[in-house]
Each structure stands twice: as C-alpha cells, then as structure tokens.
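In: model the structure of this input:
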Amino acid sequence: MITRRAFTATLSLAGLAAAAGLSPWRFINAAMAQSQLAADVAKPPSLPDMALGPKDAAVTIVEYASMTCPHCAAFTEQVFPKLKQAYIDTGKIRFVFREFPLDIKAAAGSMLARCIAGDDPQKYFAAIHTLFKQQESWVMGKTSEQLALIGKQAGLSEAEVDKCLKDQALLDKIAADQKFANEKLGVNSTPTFFINGEMIKGETSFEEFEKRIKALLKT
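Out: Below you'll find the predicted structure:
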C-alpha cells in the first residue's frame with residue numbers, strides 16, 4: 001500500500017519502477033453475491049466521487065484506474081470520448097472515476113488531479129485527461145518537475161503543487177479507497193470497470209460497452 005516514505009522517495013527517481021454440478025442455489029447465491037457487490041460499489045469512498053452524468057441514471061459505470069497505467073490512458077483517449085458523446089452528455093449514463101494507484105507516481109498524479117479540480121468534476125476529468133495524455137513525460141521523466149508544469153498549466157503555483165503532493169490526509173484517503181476496492185470489490189488491476197455492479201477487467205472496446213449499456217437501457 002501507499003506510504004509517505006515510499007511516496008517521497010519514489011518521486012525523486014527519474015524512471016518508473018517495474019510494476020502489477022448445477023443447483024438452483026448456485027444461481028441464487030450468485031445473484032445475491034452480485035447484488036452485494038453492486039451495493040458495495042455504490043458505497044461512498046473516503047473521497048467524494050468524481051462523476052459525470054445524472055445521479056439517477058439507469059446505468060452507472062465506475063472505472064478504477066491508475067494514472068501510470070498505459071491501458072487506462074488508451075481508454076481515456078480512444079473509448080471515453082465516444083462514451084461521453086453517446087451516453088454521458090445525453091444523460092443516459094453516469095460515469096464515475098476512482099483512483100487505484102499501482103505505484104507512488106500514480107498516487108502523485110491522482111493527488112494533483114484532486115488539487116486542480118477541488119470539487120469540480122469537469123476540472124477533474126480535464127486534469128486526468130491531461131495527465132494521461134502526457135503520461136510518458138511525467139512518469140518516465142522527472143516526476144516532480146513535470147507535475148509542477150502540469151499544475152501550472154491548470155492554474156496552480158509551484159508552491160501549491162508542492163503543498164498538494166505533501167498532503168498526507170489526501171494520500172491517506174486515496175490509500176484507504178484503494179484498500180477498500182481491493183478487499184471489498186476484488187479490484188487488483190487497472191483498468192477495472194463496474195457496469196451497474198458487474199465487473200469488467202482490462203481494455204474494453206466502445207462496442208462492448210455499448211452492447212452492455214443498451215441491454216441495461218433496453219434500447
């Protein structure tokens with residue numbers, strides 16, 4: 001799990017460390033387990049959810065992602081814009097992004113996105129889009145310096161970025177949410193998605209999302 005000592009030490013590195021018989025009771029138990037999982041996914045985490053789309057949408061997609069995950073970056077660049085245009089902007093689904101840092105640099109990126117956004121989900125999604133788009137520069141380069149530049153582009157001073165990355169309370173909340181996702185929801189890799197509580201792991205195409213969304217919307 002994320003600790004302050006590891007966090008501080010890793011940010012000074014130039015590169016990213018290598019990262020990681022049929023019975024009716026069977027179906028009843030499976031249905032109950034799925035229902036419980038959906039309820040657990042819906043529980044408020046330590047940090048307030050960053051979400052786009054109406055709270056009462058018939059379909060909610062929750063993504064657990066690490067800011068250093070290239071597959072997460074690919075999803076944000078290639079799939080998310082299509083989902084947003086077709087289903088989020090039209091009010092048909094709610095999309096929730098939750099942090100699941102696989103390493104210390106990912107935690108730093110998540111912290112910066114939270115500091116840039118404050119309570120504004122639009123700013124948050126813009127921040128993570130920028131971090132994913134510039135992923136190689138701040139993950140493989142001098143992380144602190146590159147994050148300071150990204151923060152400056154978003155309106156934060158160097159001092160504000162430094163204060164953000166030293167915010168122990170924020171780091172603790174991210175770590176607590178990561179632990180909850182791992183122990184209660186079974187998240188152990190990124191990206192991991194939940195569509196109305198049903199887990200989907202790994203890279204997923206827009207067409208696969210659309211098929212599942214349409215089935216739930218019955219359209």
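
In: from here on, just use CA atoms for contacts and neighbour counts.
Out: OK.

In: right, and the helix or strand after the helix or strand of the chain with the lowest mean pLDDT?
Out: The weakest-scoring helix or strand in the chain, judged by mean pLDDT, DSSP states H and E, is helix 24-42 (a mean of 54). Moving toward the C-terminus from helix 24-42, the next helix or strand (DSSP states H and E) is strand 50-52.

In: what mean pLDDT does that following strand have?
Out: In this model, strand 50-52 has a mean pLDDT of 97.

In: and that strand, what other elements does it pack with?
Out: strand 93-99, helix 121-133 (3 or more C-alpha pairs under 8 Å, 6 or more residues apart in numbering; DSSP states H and E).

In: so how many other residues sit close to Arg94?
Out: The number of residues packed near Arg94 is 22, by other C-alpha atoms under 10 Å.

In: likewise Ile88?
Out: Ile88: 20 neighbours (other C-alpha under 10 Å).

In: leaving out sequence neighbours, find the closest residue to it.
Out: Spatially, and ignoring its direct neighbours in sequence, Ile88 is nearest to Gly53 (5.3 Å; C-alpha to C-alpha, 6 or more residues apart in numbering).

In: please apply the same query to Thr76.
Out: His129 (6.7 Å).

In: equivalent analysis for Lys152, please.
Out: Glu158 (6.9 Å).

In: and Met199, backbone torsions?
Out: Taking degrees, to the nearest 10, you get phi -80, psi 140 for the backbone angles of Met199.

In: quick revisit: what separation do you get for the residue nearest to Thr76 and Gly186?
Out: 26 Å (C-alpha to C-alpha, to the nearest Å).

In: one more: Ser110?
Out: 21 Å.

In: and the one helix or strand Ser144 maps to, what does it pack against?
Out: For Ser144, the host element (DSSP H and E) is helix 143-153. Judged by 3+ C-alpha pairs under 8 Å, 6+ apart, helix 143-153 is in contact with helix 104-117, helix 135-140, helix 158-165.

In: just how off-centre is it within its chain?
Out: 20 Å (C-alpha atoms, centre = their mean, to the nearest Å).

In: that one: which residues count as buried?
Out: Residues Thr143, Ser144, Gln146, Leu147, Ala148, Leu149, Ile150, Gly151 are the ones in helix 143-153 that count as buried (16 or more other C-alpha atoms under 10 Å).
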